[in-house]
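Enquirer: I would like to see how this sequence folds:
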Amino acid sequence: MGLQAVLQMIYPPQCLSCDELVTSDFGLCGTCWRDTPFITGLVCDCCGMPLPGEAPSGPVHCDDCLMLPRPWARGRAVMLYKDKGRVLVLRLKHGDRIDLARPCADWMLRVARPILQPGMLLAPIPLHWLRFFTRRYNQAALLSGALARLTRLEHCPDLLLRPKSTQSQEGRSKDARFAAMAGALRVNPRRQGLMQGRHVLLVDDVMTSGATLAAGAEACLASGASRVSILVLARVAKDA
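Expert: Got it, this is the predicted structure:
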């Protein structure tokens, strides 16, 4: 009997959400899979929001992206930020469940395939150093790093810096979110040359209004990126 088989007998695989026994590592049980709001079908090509209807011949956009032009080109999201989806995000973000980064990156790869391109540079949305000191890790960097290993695309975890400390965006209006993020992100001057003329894929855990991702995309474009796309684990829907 191999070592892996022995370990599975001692520590059998458990559901990532409810800890019920499952058949393989890094999986969800049937009930949690059913109750996790994975995004499928037609989606906004810019932010990944699920849309009603069948897939047309070309890309479509949600009302938010039509009313508020985004500085990035394309985007995708794995799940809606509610129910089991919210539980998983909060466990990764605040519950020290860094082991969740690996399966989440697998899910992110599946939805990101239409927007991935050779030569892309992957980078996470950064934390301010005070928040990083408190949390001890950046969940967006864990996701982007795991995704980079799966895709073999270049990863730059410190491409962006967050010199401005911002309060939690929860409960703020859309306008307040964008105002709070003005000037909050900038490109690391030591990494600017790495980004010149390249397509950057910004990775974050949650998108609500898109203010944080917009600040990151604008910083990248102003510093020489040819294009920016975005990828998030969860997307806050209007009814979430």
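Enquirer: the helices in this structure, which residues?
Expert: Taking DSSP state H, the helices of the chain run over residues 3-10, 30-35, 63-67, 83-94, 101-112, 129-135, 139-151, 174-181, 192-195, 211-222.
Enquirer: Output those helices as a markdown table; include the columns mean neighbour count, mean pLDDT and distance to residue 122.
Expert: Bear in mind the C-beta positions are built from the backbone N, C-alpha and C, glycine included. Formatted as a markdown table, the helices of the chain follow (neighbours: other CB atoms under 10 Å; pLDDT from 0 to 100; distance: least, CB to CB, whole Å):
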| stretch | mean neighbour count | mean pLDDT | distance to residue 122 |
| --- | --- | --- | --- |
| helix 3-10 | 9 | 48 | 30 |
| helix 30-35 | 14 | 86 | 27 |
| helix 63-67 | 13 | 93 | 22 |
| helix 83-94 | 19 | 92 | 18 |
| helix 101-112 | 19 | 96 | 10 |
| helix 129-135 | 12 | 82 | 19 |
| helix 139-151 | 22 | 97 | 5 |
| helix 174-181 | 16 | 77 | 21 |
| helix 192-195 | 16 | 95 | 11 |
| helix 211-222 | 23 | 96 | 12 |
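Enquirer: any chance of the ones you listed in a markdown table, with distance to residue 229 too?
Expert: Below are those laid out as a markdown table (distance: least, CB to CB, whole Å):
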| stretch | distance to residue 229 |
| --- | --- |
| helix 3-10 | 37 |
| helix 30-35 | 27 |
| helix 63-67 | 13 |
| helix 83-94 | 21 |
| helix 101-112 | 9 |
| helix 129-135 | 25 |
| helix 139-151 | 13 |
| helix 174-181 | 19 |
| helix 192-195 | 14 |
| helix 211-222 | 9 |
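Enquirer: quick one: which of those is nearest residue 166?
Expert: Across the helices of the chain, residue 166 has its closest neighbour in helix 174-181 (5.1 Å, CB to CB).
Enquirer: Next, the angle from the closest one to helix 211-222.
Expert: Using axes from the mean of the first three to the mean of the last three CA atoms, to 10 degrees, the inter-axis angle of helix 174-181 relative to helix 211-222 is 50 degrees.
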